[in-house]
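Enquirer: Okay, here's the prediction I keep looking at, along with the sequence it came from:
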Amino acid sequence: MTIKVLAESKKLKAQGLLQVTKRLLDELGYGDFRPHGPVRATELALRARHRGTHDPLLCKVKAIPREIGPDQLRSYVQAHARERRKHKRLLGLFLCFSGLSGPAQEWAQKNGDARRHIHLFGVDKVSALLKRARLVSSTEGLGQIVRARVRDEGGPAALTFYEGRLYWVQTILAGKRPVGFVALEADGEPASKWIAQEIKRLDPSLEGKRFIDLHLRERILLALLDLQKRNVDELAKETRDTAAEVRPALQDLVREQVLTAEHVANPRWKYDRYSIRPDLETFLALARQFLEGQQRVKFLASAYVSRALAGEVLKHLERRLRLSPAEMGRLGIAGLIGVSPTAFHHVLFAPADRYYAPPAEAEARPGASVDRDRARQVVLGRLQSDLIAHLLGDMQNPHFFDLMGSRGIKAHLFRASAKAATLGGTAYHLHAEALTPLGKPAQSGRTVGGEANHFVDYGQALMHMEEYEAAVAQFERGLRDLKDPFRLTAAWTHRGICLLHLKKHSEAIDSFNEALRHTANYKEAWFHKAICLKELGDATGAMRCCKRAIELDPAYTEAREYLQTL
């Protein structure tokens, strides 16, 4: 990797080199900058003083098109030695934006003065310093970002300083030959098209290389997430780009095996219909790209993700996290990752060994199975708490509840508690709770039409969340104005089930009777009424109601099993 400073003229390039050098020295704790000699487009020398120790510094910067050789390094060491005779505490810093050659590194290792009084910062150290100053993302992160968006092999990368801002420029290879490049902002987000064009115009090494527009590729993929096949013209209209721009991007995506092209008629380039490949590898690449980006909610709510969750993805997570299908269901992972982009990203890409239970040292040892089960519960609890923490962060997204609604979720309950203690007592104990209905609540004290249905739906969701008292209150609000006989039957039955769980058996029987008044052949009401009667000591009545439920549905397994207990 190299670091480049680009500008319209040598004067502006020299100013840019001075600017980025001051940023680096400021991160190292230096100030009071003074040029030491002329500032050129390819090199400069700068004096500075540490803000804490007040030690002086002589900084030399080289930004030439080739690696620094031993002669240039030796020249700086000699110049620093001369200055050090005047200032005994003078430190040296050599910033090599184009990197140190092998012979220069060997010379530095052998030269004692270079090791004792001078710090050599090659490209890796400079980029690490920029990352520490939060001016750029890491080179490792850059590689992941590019690989998630472009499946072709990446070539040499450069960190480019242009008009006061830093950009990553990554070349893309065809075989071993660089044929294109991508441009990213310092934080890893794709750079705009005009920035990439300006960088290409000013950087001779990019001459003849094609700019790969990551923004355009993203727009194309977003348009295809609904699983509807489209041709070039249709995609150009939807992405608001020209067909001439969309066509090569589609060809790249087909060649990289991200999209498939269905031949319809000639000419192929005009009438072929494109769609996203359904395989797991493609899904993982797109998930890495979108679940970290600004379009994560739109991606997660798409038909493409719904199809993937119904396919191989859950089995992939079972293998990756070493979970059984029963554990996946008990933890509710499938439902959670369907509404939480960061939780989904976490289970797909975070290190999974954190959730592996340690193996028992000796299976035959007494109590080994108990220890193994206990360890398993610990790691499952760790996974659950991590996913809840991610969900909490996603709740701050203004589109979170829209996403929940698109998944058919009617209510959302979030409870959190945190406790800590010193040896002497409790340090803190915090508890928070939020219960949110998804849908339109009533605008007045009286419910009509759809609002009554809303309260019943809300109550049913609360029932499945085992919030029985809150569910009863919502059923009662909806039942005031509900007119549809079937909805009335279901609402009264669900109200009775909640009361049954609250051990209010007499009130529950009243609810089941109301349900049967509207629909006499409703098997769930007969069955749950039987349970209530048994709890009240009426075994004969319970048996009669249970048999009635079986008459209505001979395949009612739950009622048949319960009848055997009477």
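Expert: Sure thing, it's come through. No experiment lies behind these values; they were computed from the predicted model shown.

Enquirer: okay, stretch 151-171 in PDB with CA atoms only?
Expert: Presented in PDB, the C-alpha positions along stretch 151-171 are these (Å, rounded to 0.1, in the frame of the first residue of the first chain):
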ATOM      1  CA  ARG A 151     -15.800 -10.700  -6.000                       C
ATOM      2  CA  ASP A 152     -12.900 -10.100  -8.300                       C
ATOM      3  CA  GLU A 153      -9.400 -10.200  -6.700                       C
ATOM      4  CA  GLY A 154      -8.100  -6.900  -5.200                       C
ATOM      5  CA  GLY A 155      -4.700  -5.500  -6.200                       C
ATOM      6  CA  PRO A 156      -2.600  -2.800  -4.600                       C
ATOM      7  CA  ALA A 157      -4.400  -0.200  -2.500                       C
ATOM      8  CA  ALA A 158      -3.500   3.400  -1.900                       C
ATOM      9  CA  LEU A 159      -4.500   5.900   0.700                       C
ATOM     10  CA  THR A 160      -5.200   9.200  -1.100                       C
ATOM     11  CA  PHE A 161      -5.300  12.700   0.300                       C
ATOM     12  CA  TYR A 162      -7.300  15.000  -1.900                       C
ATOM     13  CA  GLU A 163      -8.800  18.500  -1.100                       C
ATOM     14  CA  GLY A 164      -8.400  18.000   2.700                       C
ATOM     15  CA  ARG A 165      -9.900  14.500   2.800                       C
ATOM     16  CA  LEU A 166      -8.600  11.000   2.800                       C
ATOM     17  CA  TYR A 167      -9.900   8.300   0.400                       C
ATOM     18  CA  TRP A 168      -9.000   4.600  -0.100                       C
ATOM     19  CA  VAL A 169      -8.400   3.600  -3.700                       C
ATOM     20  CA  GLN A 170      -8.300  -0.200  -4.400                       C
ATOM     21  CA  THR A 171      -7.300  -1.600  -7.700                       C
END
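
Enquirer: For residue 34, grab phi and psi.
Expert: phi -140, psi 130 (degrees, to the nearest 10).

Enquirer: Identify the spatial nearest neighbour of it, chain neighbours not counted.
Expert: residue 47 (4.5 Å; C-beta to C-beta, 6 or more residues apart in numbering). In this view, the C-beta of every residue, glycine as well, is placed from N, C-alpha and C.

Enquirer: what sits against that neighbour?
Expert: Shown in contact with residue 47 (C-beta atoms under 8 Å, 6 or more residues apart in numbering): 33, 34, 35, 36, 56, 57, 58, 59.

Enquirer: Redo these as CSV? Include neighbour count.
Expert: Compiled in CSV, the contacts of residue 47 are given as follows (neighbours: other C-beta atoms under 10 Å):
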residue, neighbour count
33, 17
34, 9
35, 11
36, 16
56, 19
57, 22
58, 22
59, 24
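
Enquirer: What number of residues are in the vicinity of the closest residue to residue 489 other than its chain neighbours?
Expert: Closest residue to residue 489 apart from its sequence neighbours, by C-beta to C-beta, 6+ apart: residue 519 at 4.1 Å. By other C-beta atoms under 10 Å, the residues close to residue 519 number 16.

Enquirer: three-state assignment of residue 319?
Expert: helix (DSSP: H, G, I helix; E, B strand; the rest coil).

Enquirer: Let's see the pLDDT reported for it.
Expert: Per-residue confidence at residue 319 stands at 94 (pLDDT).

Enquirer: follow-up on the earlier one: specify which member of the contacts of residue 47 is nearest to residue 147.
Expert: residue 59 (35.3 Å; C-beta to C-beta).

Enquirer: Give me the contact list for whichever strand or helix holds that closest one.
Expert: Element membership for residue 59, per DSSP states H and E: strand 56-62. By C-beta under 8 Å, 6+ apart, the residues outside strand 56-62 that reach it are 17, 21, 25, 30, 36, 42-50, 68, 72, 76, 79-80, 83, 87, 89-98.

Enquirer: How about stretch 207-223?
Expert: Outside stretch 207-223, the residues that reach it (C-beta under 8 Å, 6+ apart) are 149-150, 171-172, 178-184, 190, 192-193, 196-197, 200, 230, 235, 238-241, 245-246, 248-250, 252-253, 258, 276, 286, 289-290, 293, 295, 298-299.
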